[in-house]
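Student: Could you look at this predicted model? Sequence included:
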Amino acid sequence: MGRDNNFKLKMTDPYTPYIIGVNADANTSLILSNTSKGTSLYGITDASGQALFDLANLSSGYDDGDTIEVNQAYGYKLNNGEILTSSSIFLNQVTVSKAKINLTGDYADASIELSADGGSNWESVTNNVENQFTTTGQDLRFRITSSGTVVLTDVKVNYN
């Protein structure tokens, strides 16, 4: 990605599955956005500085001509109706049974959800309160939906 940790691309074939690989500094927070549709994915590079974004996980999908951007995430701003969905926070052979999300910033107009099974089942959660999953799994993700303007300065997720 380069040192500025930002890039933009134009989608040309919405029927081809896309996985975007990103190289940046280790443990860098990144946000991939479909700026044409107002949806985003959140990711963190691993210890080697790599992160993968599967565009199939964008809640809006993507169409021919959509603009996809990846930027270093210093904070997140969501307008009314926008959705921020993380890529896998934890993906392993170990079952995730509980997790807690901690948002900082102005999130009064945010609906917060966690999924332990890769987004098949979402559970509504309260900020900074541990959630015991009804449906456990091995692929932890979060989703934040805005019903107004939401400005987050940080998102942290702790899990068993």
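Tutor: Yep, that arrived.

Student: contacting residues for residue 52?
Tutor: If you count contacts by Cβ atoms under 8 Å, 6 or more residues apart in numbering, residue 52 has them with 19-22, 43, 87. To be clear about C-beta, it is placed using only N, CA and C from the backbone, and glycine gets the same treatment.

Student: Narrow the residues you listed to those that are buried.
Tutor: Buried by 16 or more other Cβ atoms under 10 Å: 20, 22, 43, 87, out of these.

Student: Need the residues you listed in JSON lines (columns: pLDDT and distance to residue 77).
Tutor: Converted to JSON lines, the buried ones among the contacts of residue 52 look like this (pLDDT from 0 to 100; distance: Cβ to Cβ, whole Å):
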{"residue": "20", "pLDDT": "80", "distance to residue 77": "22"}
{"residue": "22", "pLDDT": "79", "distance to residue 77": "21"}
{"residue": "43", "pLDDT": "77", "distance to residue 77": "17"}
{"residue": "87", "pLDDT": "81", "distance to residue 77": "19"}
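
Student: Distance to residue 107 and secondary structure added to those, as JSON lines?
Tutor: What follows is the buried ones among the contacts of residue 52, written out as JSON lines (distance: Cβ to Cβ, whole Å; DSSP: H, G, I helix; E, B strand; the rest coil):
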{"residue": "20", "distance to residue 107": "27", "secondary structure": "strand"}
{"residue": "22", "distance to residue 107": "26", "secondary structure": "strand"}
{"residue": "43", "distance to residue 107": "20", "secondary structure": "strand"}
{"residue": "87", "distance to residue 107": "20", "secondary structure": "coil"}
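
Student: Please report the distance of residue 115 from residue 101.
Tutor: Separation of residue 115 from residue 101 (Cβ to Cβ, to the nearest Å): 11 Å.

Student: Cool, thanks, signing off.
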